[in-house]
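A.B. asks: generate a structure from the sequence data that follows.
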Amino acid sequence: MTVIKTPDEQLLKRIGVDAYMFLRYIRLCLILFALFSIPGYLVLIPVNAINQEGLDGLNKLTFGNIRDPERLWVHFTSTVLIVIQTGVTLYAVNREMSRFILFRQKYLLNRQHQLDPVANTILVSGIPDEINTEAQLMKIFDPLPGGVKKVFIMSNAQRPNRRVDNISKLVRQRNRVISQLELAFVRYGVSKQKYPHKEVPRPTHRPQWWWLFGKRVDSIDYCSQKLHDLNIKIAEKQSNPANYSKQASAFISFNNQLAAHIAAQSVTYHLPLAMQTKYVDMKPEDVIWENLDIIPIQRFIRRFLSYVASFCLILFWVFPVTFISSLASLSALIHILPFLGFMQSWSPVIIGVIQGILPAVLLSLLVALLPIIFRALCKHEGTIRRSDVEQSVMTRFFIFLLINVFLVTTFASGIFTALGDLVKNPISSVTILGRSLPKVSTFFVTYVLFQALVGASREMLQINRLLYYYIRAVLQFSTPRKILSLNRLTKFQFGTTFPEHTLIFVIGLTYSTVAPFILFFVTVYFLIYYFVYHHQFQYVYDSVIHQTGGLLFPKAMEHMVVGIYFFQLTSLGLIMAKGGAVPAVGMVILILITTGIVRHGKRVYLPLLKYLPVNISQKPSLIGLEAELTIRRNSFETKEDTVIDCYQKDIYNLSDLSTQEDALPLSRQSLPETMMFLHPLLRDPMPVIWLPQDETGVFQAESNNLKLNNIPATTGGAHLTSQGNIKLTRWSDPTPKYWLPSELKHYGIGSDETHVTRNSQPMV
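C.D. replies: Numbering: from 1, shown residues only. Reported below is the predicted structural model:
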């Protein structure tokens, strides 16, 4: 309960905007279905339970149990309830969108956001070669209010000129050497602690491709020399970005926030597709750097092919989903496929499991494969922002769930059940489907319960991550850096998780009058997940990285509108199938009114979703903020203290950083603005070898020896226990975000000292 009682303001600072809006969506759905359950259980279920059609089980509580057209006038009450539910849902959507617009505007103008240099920066893609210079871009954008502060032309470190080696290969090689070196140190140190009075041999290996027959070398000396050589090579290439080809993209940093938002909405070049793609509030960690160099026409073709592939996948998945859904009506499936007749002799318990639980389990497993494919397609099509990938995945995955889980499941069981009668009497198709479709509601109750109980339990237990943790812990010899990597908070996948819950909303709303007993189960579903995600976002997930500023929330509202339409169309079809003409006319009018309200809402809200209005930027008091926002930009001045010393003075203590409300994201906490918009490979810092402290002083001696040989190292933040296990006392990597020139010179970068020699007198 302590987690639930966390104030919204504190919760927002702790979990970020996207996670906060996600919780608001879950809470909204919980409130709506709790309200809808009252008339559903007090009015609709008693009417359906008259049992005119003689249905059994939960099916006798559905709309399909009504036969007499006269009794459908009682169900005119249902039509009234449909109108009320539609009105309440549309009101809730509009109310939440209004609050979201206000919330986002305050987010764009708050102090923490404006301290971030990305608030005044845009990313422009598809820049023609003839104007892809700092002077030309400055000339285009400088007339905007406040002018341009700085232009950052992107260099493609992954596609260098022929005379320069690929720096990405060197960085990957350095990371492998670091892992090998730290592992050799830890194995050596653990052995020294275990056998303090014996001469412990230093670790050796056969290097590179001749490992099978080559001469064994000292692993520590070899990797130390290799690391120092790689540090020098990488630093030389990073100091000459002109050797790398320019990308067709640039970051434009303005002197004020308003200019950035105006520039992002402006038509900046006369040629088609050129410089049309512009992003405001572009965070460097949100960039997919390899996609920046894709020209507009190539991106268009890739996107087209990606959508075609997604469409084919959605259609292909219909067939296995249809078969799984048909298991909910096993007798009908056997009628169509007689060779499955042997299943009728099975135990009623087994048949009950097949028809009740197995379809929901198999469907959940089948659905889990698609997000991986959709995310890969979105990246390959040339999407520049990771947050845009999440939004695109969210849209595609929702369409997939809507078609394959909701529509196919709904119609598959009805069609299999009625197929024989449809062949004999096609004219009776509407009546037959109107009677058989409500029966599939039992499947959806099972599906909702399965997701609520099993899905929520799986979310809390994190079984996959738990198994992965212990498998790696057992199979791998741990180093401080590997332990840190293994214990990092998981990134929450909004793009694939949001649609799963919006689908439940669509299912619950659509069947709220067809099978009103589902309302209770949907309410329980959202109640459970509201508690679960409150805990998970605060203690399990790192939901702050790759923020969209809450832009996934409007998409969730669009999914709710889709649910309203399916709710109305399903109700219209069932009323018509039962012969209720007057309620059907009322439903048609309601659909037209809903369409008008939705179109008006899009026209009102869409322009305000992404960009900052001019009047509010000049007068924040209109939305309740201070009249004057006199925020000075962070100077990013750094003292000449060495980063290693700072680390050992607890500056990198994560618990301290988490209490700094105005702190920038940890991914660039100490990065100067001049380096922030460089390609990550061009600013990849020289890593610090991270060793644990130990009682014998072996690791401290090795750390000192590395420093003497121009390799930065530290023993801070980790210690080796007497049992030979490594425990962390710091939860951030000791490698700084960047090095000062004086520090690089201290470690021999740029000097002639390129050979590593062992210290003959180790310090203990």
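
A.B. asks: doesn't residue 541 make contact with residue 18?
C.D. replies: No. When contacts are counted by Cβ atoms under 8 Å, residue 18 is not listed as touching residue 541 (10.6 Å). The way it works is simple: take the backbone N, C-alpha and C, and place the C-beta from them, glycine included.

A.B. asks: more neighbours: which of the two?
C.D. replies: Here residue 18 and residue 541 are compared on neighbour count by other Cβ atoms under 10 Å; more neighbours surround residue 18, at 25 against 20.

A.B. asks: and the more buried one, what element?
C.D. replies: Under the criterion of DSSP states H and E, residue 18 resides in helix 17-39.

A.B. asks: could you pull up the mean pLDDT of that helix?
C.D. replies: Mean per-residue pLDDT for helix 17-39: 92.

A.B. asks: and it, what does it pack against?
C.D. replies: If contacts are counted by 3 or more Cβ pairs under 8 Å, 6 or more residues apart in numbering; DSSP states H and E, helix 17-39 sits against helix 8-15, helix 76-109, helix 494-510, helix 518-539, helix 552-577.

A.B. asks: what comes up buried for that helix?
C.D. replies: 17-26, 28-30, 32-37, 39 (16 or more other Cβ atoms under 10 Å).

A.B. asks: export that helix to PDB, keeping only CA atoms.
C.D. replies: Below are the C-alpha coordinates for helix 17-39, written out as PDB (Å, rounded to 0.1, in the frame of the first residue of the first chain):
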ATOM      1  CA  VAL A  17       6.500  11.000 -17.900                       C
ATOM      2  CA  ASP A  18       5.800   8.000 -20.100                       C
ATOM      3  CA  ALA A  19       5.400   5.600 -17.100                       C
ATOM      4  CA  TYR A  20       3.300   8.100 -15.300                       C
ATOM      5  CA  MET A  21       0.900   8.500 -18.200                       C
ATOM      6  CA  PHE A  22       0.800   4.700 -18.600                       C
ATOM      7  CA  LEU A  23      -0.400   4.400 -15.000                       C
ATOM      8  CA  ARG A  24      -3.000   7.100 -15.600                       C
ATOM      9  CA  TYR A  25      -4.300   5.100 -18.500                       C
ATOM     10  CA  ILE A  26      -4.600   1.900 -16.400                       C
ATOM     11  CA  ARG A  27      -6.300   4.000 -13.700                       C
ATOM     12  CA  LEU A  28      -8.700   5.500 -16.200                       C
ATOM     13  CA  CYS A  29      -9.700   2.000 -17.500                       C
ATOM     14  CA  LEU A  30     -10.200   0.800 -14.000                       C
ATOM     15  CA  ILE A  31     -12.600   3.600 -13.100                       C
ATOM     16  CA  LEU A  32     -14.600   3.200 -16.400                       C
ATOM     17  CA  PHE A  33     -15.100  -0.500 -16.000                       C
ATOM     18  CA  ALA A  34     -16.000  -0.200 -12.400                       C
ATOM     19  CA  LEU A  35     -18.700   2.300 -13.300                       C
ATOM     20  CA  PHE A  36     -19.900   0.100 -16.300                       C
ATOM     21  CA  SER A  37     -20.200  -2.900 -14.000                       C
ATOM     22  CA  ILE A  38     -23.000  -1.400 -12.000                       C
ATOM     23  CA  PRO A  39     -25.700  -1.200 -14.700                       C
END
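
A.B. asks: contact partners for the residue nearest the centre of the chain?
C.D. replies: Centroid check for the chain by Cα atoms, centre = their mean gives residue 493 as the closest residue, at 2.9 Å. Residue 493 sits next to 371, 390 when contact means Cβ atoms under 8 Å, 6 or more residues apart in numbering.

A.B. asks: which residues of the stretch 601-750 of the chain fall in helices?
C.D. replies: Applying DSSP state H, counting those that start in this stretch to the stretch 601-750 of the chain gives helices spanning 614-618, 643-648, 654-657, 673-676, 698-708, 741-746.

A.B. asks: now swap in the stretch 251-400 of the chain and tell me
C.D. replies: Using DSSP H, counting those that start in this stretch, helices in the stretch 251-400 of the chain cover 257-265, 296-316, 318-326, 330-336, 348-356, 358-367, 370-380, 386-400.
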